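>>> generate coordinates for the sequence data below:
(one chain, ligands or ions: 1)
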Amino acid sequence: MTQLPVIFKCSHHRKGNSDLAADLFLKGIRKAGGDAETVILGDMDFEHCIGCLKCRTAAENRCIFADKDGAQELYNKIISAPFTFFASPIYFYHLPSRLKTFIDRGQWAFEAATGDSPLMNGLGQRPAYACLLAGRPKGEKLFEGAELSLKFFLRFFKAELVPAMTFRGIDEPLDLAGDTEKCALISGYGEKAWQRNINNG
Ligand SMILES: Cc1cc2nc3c(=O)[nH]c(=O)nc-3n(C[C@H](O)[C@H](O)[C@H](O)COP(=O)(O)O)c2cc1C
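Residues are numbered from 1 along each chain as shown. Alright, predicted model coming up:
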């Protein structure tokens, strides 16, 4: 069976703006005739990377925590997916801590991709998409840290982050729902992502 794209809900708060952004992206994919799997990453706790660097020399660059939580299963989903989508709020100018912990634990993929891992080096290039939402209406560098971390994390999985959709001034849980223009942009983004996937397929 062909693998589905994976949508990651990354807020720690359910049924807010990021969850809606994820659902709208899925709606767009479905409108274009596709489907996707949704993962509620914002509810998942992961062991923290402790910088032991055992993944540098381990067989298949396996993390010492690979069997202790659900992180490795999610990396495998990213590896198999034709594309991914991350919907996340900005927390203190960056990504929420669960997503950041997940990214740090991806150090094994850095070691694999910069080493001679047949799995990682054999992967084809795939796109990745993101929608980042921030409460503040202003702030020049509001999204910079979040986007850079996502971009370089995903790159080791051969997933290239298309510049993220970024929305400011979306603070209360129903703010995005009340902005029909932004909602339409996000579902249109999902629709185009699926069409691009088919055309490249
Ligand atoms: C812990 C925390 C930190 C936040 N930090 C920022 C911030 O640095 N800049 C900003 O514009 N908004 C910040 N916000 C506001 C959220 O980005 C905003 O409320 C967002 O819409 C929440 O998305 P959600 O409904 O998906 O949880 C923060 C919110 C929380 C809970």
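>>> would you mark the buried spots in stretch 42-50?
42, 44, 46, 49 (16 or more other C-beta atoms under 10 Å). Yep, even glycine has a C-beta here, placed from its N, CA and C like the rest.
>>> and which of the residues you listed is nearest the ligand?
residue 42 (8.0 Å; C-beta to the nearest ligand atom).
>>> what pLDDT does the closest one get?
At residue 42, the model reports a pLDDT of 98.
>>> and it, what does it touch?
For residue 42, the contacting residues are 9, 10, 11, 12, 13, 14, 18, 96, 98, 99, by C-beta atoms under 8 Å, 6 or more residues apart in numbering.
>>> what's the span of stretch 112-130 from first residue to last?
Stretch 112-130 has an end-to-end distance of 24 Å (criterion: C-alpha to C-alpha, to the nearest Å).
>>> tell me which residue in the protein sits closest to the ligand.
residue 16 (2.3 Å).
>>> returning to what we had before: and the furthest pair within the buried residues of stretch 42-50?
Spatial extent of those (C-beta to C-beta) is set by the pair 42 and 49 at 18.7 Å.
>>> and the gap between the residue lying farthest from the centre of the chain and residue 106?
In the chain, the greatest distance from the average C-alpha position (C-alpha atoms, centre = their mean) is reached by residue 57, at 26.8 Å. Distance of residue 57 to residue 106, given as C-beta to C-beta, to the nearest Å: 17 Å.
>>> hmm, back to that, neighbours of the closest residue in space to the residue of the chain closest to the ligand that isn't next to it in sequence, how many?
By the measure of C-beta to C-beta, 6 or more residues apart in numbering, the closest residue to residue 16 outside its immediate chain neighbours is residue 173, 4.0 Å from it. By other C-beta atoms under 10 Å, 16 other residues sit near residue 173.
>>> quick one: residue 173 is in a strand?
No: using DSSP: H, G, I helix; E, B strand; the rest coil, the assignment for residue 173 is coil, not a strand.
>>> where does the prediction get shaky in the protein?
For the chain, the stretches with pLDDT under 70 are 1-2, 201.
>>> tell me the residues of it that contact the ligand?
Neighbours of the ligand within the chain, by C-beta under 6 Å from any ligand atom: 11, 13, 16-18, 89-93, 133-136, 139, 142, 170-171, 173.
>>> buried residues in the longest helix seen in the chain, which are they?
Secondary structure assigned by DSSP state H gives helix 180-200 as the longest helix of the chain. Burial within helix 180-200, assessed by neighbour count using 16+ other C-beta under 10 Å, is assigned to 182, 183, 185, 186, 187, 189, 190, 191, 193, 194, 196, 197.
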